[in-house]
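# Fold the stuff below for me.
(2 chains, ligands or ions: 2)
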Amino acid sequence: MLEIEGLTAGYGGIEVLRDINVRLGDGELVGLLGANNAGKTTMINSLSGTVKPMAGRILFQGEDITRLTPRQRVERGIVQVPEGRLVFPEMSIRENLLLGGINSRARPQRRQQMEKVLELFPRLGERLAQHAGSLSGGEQQMLAIGRGLMADAKVLMLDEPSLGLSPLFVQYIFEIIDKLHADGLTILLVEQNLNLTLRHAQRCYVLERGQVAVEGGADAVRNDPRTKSAYLGL
Amino acid sequence: MTELYQALAQGLLIGSTYGLLALGMGLVYGVSGVVNFSHGDFISLGMFMCLGLYSALSLDPYVSVIITVPVMTAIGALVYLFLIRPMVGHQFLMVVQLTLGLSLVLQNGILMVFGGQPARTPSIVESKLWILGDVVLRVPHVIAFVISFALAIGLYVMLRSTDFGRSIRAVHQNAHAAALMGIDVGRVQVLTFALGIGILALAAALLLPGTPIQPTQGLRYTVITLLVVVLGGMTNFVGIMLGGLIIGIAEAFGTIYLDGAIGLLMPYIIFVAIMLFRPQGLTWRSSK
Ligand SMILES: Nc1ncnc2c1ncn2[C@@H]1O[C@H](COP(=O)(O)OP(=O)(O)OP(=O)(O)O)[C@@H](O)[C@H]1O
Ligand SMILES: [Mg+2]
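Ligands and ions are numbered 1, 2, ... in the order given. Below is the predicted model of the structure:
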């Protein structure tokens, strides 16, 4: 469904990612692991189009989307739930969700989609008028995911959804991710939390200083010595 | 006592239009981080376009807006696309310099076309008065008040309950997140700037009847607008309208109660006094 071929990207001429090759099959839940500054967010932003690639190409459902704008990618269903959640703090939950479905493909069924999202996160439905900035971290993460689902995502890319959450919330968020996966959604899960991700993802890639160091199923990745070195920076 | 009511009424009426001017500046600042120092010169441009339309076609300024608003909106879009956008993201001071340069270009352009003599643009309501008990209101001021408030309310509703309005607020609150929603941030910035300049065309017509105009007046409007925006808290809608009323009232009190230069300084004195006690502006929390 999504193929990244030889992607090199960075900021202001400095390469952060070098020659990345990553594949996401239809309906797959794929983990993207790596230590701080490995380049996970840069990669996810390259997929969203907010970071421009320096080389390589990105294919989505067979179409070359390398040169498409962020907006065109969202319209095709490539949706990111960003690191740090980035909800719109001075807007209500309802407005945040409406904005999630503002792209031209999702807009016509926005109301029905909102009902589905609120079914998934009843807690959001109870406080639709509350400002997002006044929610707890866990609730903001629910809102960020809900907002992403509003876009009628075909691929949902989650950037460190467990960051800064209490263990209970982390468990809850991962249950939600499993549920979305079970419903057939293709998911790219970016995480630092190795064990948790290996437990949920079907396949994983481990990034080390901008390059794919390890890839494979949970056991292969767990037992590969390069995984440890990628994390410890050895 | 009559004088007091008179000053209050006059100040409120004019202040509403100052609030409207400042809303345009605040919106632009909110989505692009640009403070437009040629703001007042665009007001001049709007006024002189009305003058030109009167000379050529005998159009009343209130009618001329049918032409000046779309034309200035388009000019705003072009100015943003070709002059300001290439600078956004660079140093803040470079953008300031650019808009200051634009101010000089506009001023001198107007000077070349219309000359430096103070001019007036007649309007049918120019000298009409509205007498409420002891208070005498100039009809152009009443019209300015009604339209400014109607427009401010319209803007407010647009920001709250339309997709375009929510996009503007989203870009303001987090441009990166807005882009991830599929909002074309660049487009929102252009349209907001164009909207801000279009509003100035309308405000220009509202301020025009009975006011002598000259090409160098732009800076005064820029400064008044800046006072209002800073007082209101840059991006706070209600704060800005309130700031407009306060500056309007300060100006009216200054001209009615005090003679000459000191009277004209009144808005600045009030501004400094308020900022000394409330450096964060009038409102305690910015509602974005
Ligand atoms: N906007 C930016 N401009 C310049 N350099 C950046 C920018 N964002 C990230 N970088 C650099 O790119 C490298 C990779 O950062 P990135 O955020 O992609 O890592 P990450 O794997 O997501 O890390 P984390 O786990 O901390 O989120 C880092 O060295 C970082 O300093
Ligand atoms: Mg990151």
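# Could I get the CA-only coordinates of the helix or strand bottoming out on mean pLDDT in chain A as CSV?
None of the helices or strands of chain A scores lower by mean pLDDT, DSSP states H and E than helix A:225-232, at a mean of 80. This file holds the C-alpha atoms of helix A:225-232, laid out as CSV (Å, rounded to 0.1, in the frame of the first residue of the first chain):
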residue,chain,number,x,y,z
PRO,A,225,22.1,-7.5,18.3
ARG,A,226,21.9,-4.4,16.1
THR,A,227,18.6,-3.5,17.7
LYS,A,228,20.4,-3.2,21.1
SER,A,229,23.2,-1.2,19.6
ALA,A,230,20.7,1.1,17.8
TYR,A,231,19.1,1.8,21.1
LEU,A,232,22.2,2.1,23.2
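# now check that helix, is it near ligand 1?
No. Using Cβ under 6 Å from any ligand atom, helix A:225-232 stays clear of ligand 1, coming no nearer than 11.1 Å. C-betas here are computed from N, CA, C, even on glycine.
# Summarise which helices and strands that helix is packed against.
strand A:29-34, strand A:203-208, strand A:211-216 (3 or more Cβ pairs under 8 Å, 6 or more residues apart in numbering or on different chains; DSSP states H and E).
# Could you rerun that using 7 Å?
Packing partners of helix A:225-232 (3 or more Cβ pairs under 7 Å, 6 or more residues apart in numbering or on different chains; DSSP states H and E): strand A:203-208, strand A:211-216.
# winner for burial among these?
Of all those, strand A:203-208 carries the top mean neighbour count, a mean of 23, counting by mean count of other Cβ atoms under 10 Å in any protein chain shown.
# Give me the angle between it and strand A:211-216.
Angle, strand A:203-208 to strand A:211-216, by axes from the mean of the first three to the mean of the last three Cα atoms, to 10 degrees: 150 degrees.
# quick one, phi psi at residue A:15?
Backbone torsions for residue A:15, taken as degrees, to the nearest 10, come to phi -80, psi 130.
# In a markdown table: the helices and strands packed on helix A:225-232, plus mean pLDDT.
Listed next are those as a markdown table, based on pLDDT from 0 to 100:
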| stretch | mean pLDDT |
| --- | --- |
| strand A:203-208 | 93 |
| strand A:211-216 | 91 |
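# Tell me which of these lies nearest to ligand 2.
With Cβ to the ion as the criterion, ligand 2 lies closest to strand A:203-208 of the helices and strands packed on helix A:225-232, at 10.3 Å.
# Spell out whether the helix ranked longest in chain B and chain A are in contact.
The helix spanning the most residues in chain B, taking DSSP state H as the definition, is helix B:2-32. No. Applying Cβ under 7 Å from any Cβ of the partner chain, one finds helix B:2-32 separated from chain A by no less than 11.1 Å.
# buried stuff in that helix?
Within helix B:2-32, the residues that count as buried by 16 or more other Cβ atoms under 10 Å in any protein chain shown are B:6-32.
# Please convert the helices and strands packed on helix A:225-232 to JSON lines, extending it with distance to residue B:67.
Output for those, formatted as JSON lines (distance: least, Cβ to Cβ, whole Å):
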{"stretch": "strand A:203-208", "distance to residue B:67": "58"}
{"stretch": "strand A:211-216", "distance to residue B:67": "60"}
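# Between these, which one is closest to residue A:74.
strand A:203-208 (23.3 Å; Cβ to Cβ).
# before we move on, the earlier item: how far does the longest helix of chain B sit from the chain's center?
8 Å (Cα atoms, centre = their mean, to the nearest Å).
# Packing partners of it?
strand B:135-138, helix B:139-161, helix B:163-173, helix B:185-207, helix B:218-232, helix B:237-257.
# What's the mean pLDDT across the lengthiest helix in chain A?
If you go by DSSP H, chain A has its longest helix at helix A:167-182. In this model, helix A:167-182 has an average pLDDT of 94.
# before we move on, the earlier item: among the helices and strands packed on helix A:225-232, which is nearest ligand 1?
Of all the helices and strands packed on helix A:225-232, it is strand A:203-208 that lies closest to ligand 1, at 6.6 Å by Cβ to the nearest ligand atom.
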